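Novice: build me a structure from this.
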Amino acid sequence: MSLRSLRLLVLALGVVGCLSPGTLPAGDEKPFRQYPEMPEVLYYEGFETSANSWQKGKLEADPTGNPRNHCYKLDPIPGNNEKCVMSFVELPLNIPGGIPTGEIHVQFSLWVDNNVAEMWAKLKNADYEDKPRPGKFGMWAPLSLPLTGFIKDRKPPPKDAALRQLEITIKPRDKGKPLNAYIDDIIITAGAKPMDVLGRLLALENKRKDLIRAADKEGYTFNTQIQDVLQTMLKRSKGRRKPKTVMVVGASGKDTDELINGMKESAPKVKALGFAFAHGDLPDNSVLTGLDDMRSFGLYCANKAEAEVAVLVLGYADALRPGRPGDNVRVVLERALELGYVPLLCLPAEPPGADKTKLDGFKNTLVNVCTQLGLPWLDEGTCITRIKDVKDPKDAKETKPAKDAKDAKDAKDAKDAKDAKDPKAAKEAVKEAKDFKEAFDNKELSPVGIQCVATVAAEAVKHLDTYVFGRK
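Specialist: Prediction:
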């Protein structure tokens, strides 16, 4: 730590020492419920808002042809001699987790062709499994499985088991033919059968569609779990923050000023009215910037500003730090929750020529941290592609105007010359790659990129104001 940072830290501790996070009132912890209005529902996924929690498969339209419904297609297992298909999900809570085993049911809708030999539904990490048989082929049919039917060593899971993964695997009868299998409306209930609550649950889901946001679509993430965590945090802090006050922290002082100006400019356009956007003031009256300052003085500055929300923008350089930079970010986020303000973490975009391995590892770590803590986050790359209305190229290298498809090597939709036979389409792909490049300067956000992030950040702040703070 530098001498300047040490001096500032001493000053900050003198001001906020009496407001240590440990002095915040501790409320009674309630077990996690995805739907507080329906505590009998332990887990549900209908794939109409996001399929990010499921892995080894892909989101697809309903195979029956209904364009308004979506489902999840199971993927082949790589290297599997039996040509099985499977998918799995990490559950947000332990099963049974203290609930009597006989009270829990697992149900999902299945569409599968008639090329089925065997099927397994497993609960891990202990490999309790059931072997249901599809009731119908070529059409949707629900499969309801009591937890007592999931067996290991001839016994169902005990009440205190902590199973966190649900896996569905299907083995084809004919290995030479592809097996098509889709799942939908996965529901786990306690104290009620899934079919008895599914109707009310779907009605509740329809009401919640306006609340859900996905980082790969709107540029920031928000869901009912985040809403529940943040509203619980606000109750503990007893609303000690100044309404509609937003502290903005960029990777540098210049970035911070541009972010504030961009959010002020964008706020009226997204109907985010009445907000005060400002930087954080350090004890020596300099501006709070960068990850080091966020960790050392974020608590002090947020308390001084009485901010309800802090927009924390990370840069590409943060991903290249030695050691485990994600740990520093976790500390910043945990302290924000303890003090009682909402951190909106902005994950860096992938600039041209980036170290993709390090950047992806850094971002994946932070997405997992935000998910575990129940916090929103914003993706700077999606902000750029959405606001500039371009596609994100794999590698936006310097290119000359495209005369034919061969010139569009760096665009996502032109993997090679065969993919872009239309010269006009090739030129458009190259133009979009150049438009994307404009958002960066020396691998960090340019003023153009900062404006894109500021626009979406203003939308996210407005969304938090509506669904966390309850203001219309």
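Novice: list the buried ones in the top helix by length along the chain?
Specialist: Secondary structure of the chain per DSSP state H: the longest helix is helix 447-467. For helix 447-467, the neighbour count (16 or more other Cβ atoms under 10 Å) marks 448-465, 467 as buried. In this view, the C-beta of every residue, glycine as well, is placed from N, C-alpha and C.
Novice: and it, what does it pack onto?
Specialist: If you count contacts as 3 or more Cβ pairs under 8 Å, 6 or more residues apart in numbering; DSSP states H and E, helix 447-467 packs onto helix 253-266, strand 309-313, strand 342-347, strand 377-379, helix 380-387.
Novice: quick one: name whatever helix or strand follows the longest strand seen in the chain.
Specialist: In the chain, taking DSSP state E as the definition, the longest strand is strand 85-96. Once the chain leaves strand 85-96, the next helix or strand it forms, by DSSP states H and E, is strand 104-112.
Novice: now the helices for the stretch 101-250 of the chain?
Specialist: 194-208, 224-237 (DSSP state H, counting those that start in this stretch).
Novice: and these, which is most packed in?
Specialist: helix 224-237 (a mean of 18; mean count of other Cβ atoms under 10 Å).
Novice: closest to the centroid, which residue in the chain?
Specialist: Centroid-nearest residue in the chain, with Cα atoms, centre = their mean: residue 221, separated by 5.3 Å.
Novice: distance of it from residue 207?
Specialist: 19 Å (Cβ to Cβ, to the nearest Å).
Novice: how about residue 471?
Specialist: In terms of Cβ to Cβ, residue 471 sits 19 Å off from residue 207.
Novice: ditto for residue 125
Specialist: 35 Å.
Novice: again, but for residue 363
Specialist: To residue 207, residue 363 is 32 Å away according to Cβ to Cβ.
Novice: contacting residues for residue 144?
Specialist: 105, 106, 107, 193, 194, 195 (Cβ atoms under 8 Å, 6 or more residues apart in numbering).
Novice: residue 165: which of those is nearest?
Specialist: Among those, residue 106 lies closest to residue 165 (Cβ to Cβ), at 12.4 Å.
Novice: quick one: pLDDT of the nearest residue to that closest one once chain neighbours are set aside?
Specialist: When the adjacent residues along the chain are set aside, residue 106 lies closest to residue 145, with 4.7 Å between them (Cβ to Cβ, 6 or more residues apart in numbering). Reading off the confidence values, residue 145 has pLDDT 96.
Novice: ok, residue 395 next?
Specialist: 39.
Novice: on that earlier part again, what about the residue nearest to residue 106, neighbour count?
Specialist: The number of residues packed near residue 145 is 19, by other Cβ atoms under 10 Å.
Novice: what's the answer for residue 285, then?
Specialist: Neighbours around residue 285, by other Cβ under 10 Å: 6.
Novice: need the three-state assignment for it.
Specialist: coil (DSSP: H, G, I helix; E, B strand; the rest coil).
Novice: residue 87 bridge partners, please.
Specialist: Residue 87 has these beta-bridge partners by DSSP bridges: residue 168.
Novice: quick check, it in contact with residue 58.
Specialist: No: Residue 87 is not in contact with residue 58 according to Cβ atoms under 8 Å; the separation is 9.1 Å.
Novice: which neighbours do those two have in common?
Specialist: Contacts common to residue 87 and residue 58, judged by Cβ under 8 Å, 6+ apart, are 72, 75.
Novice: who's more crowded, those two?
Specialist: Comparing residue 87 with residue 58 by other Cβ under 10 Å, the one with more neighbours is residue 87, at 23 against 11.
Novice: how far does stretch 138-157 stretch from start to finish?
Specialist: 33 Å (Cα to Cα, to the nearest Å).
Novice: repeat for stretch 266-286
Specialist: End residues of stretch 266-286 are separated by 26 Å (Cα to Cα).
Novice: and that stretch, what's buried?
Specialist: Under the neighbour-count rule (16+ other Cβ under 10 Å), stretch 266-286 has 266, 267, 270, 272, 275, 277, 279, 280, 281, 282, 283 buried.
Novice: fine by me, we can end here.
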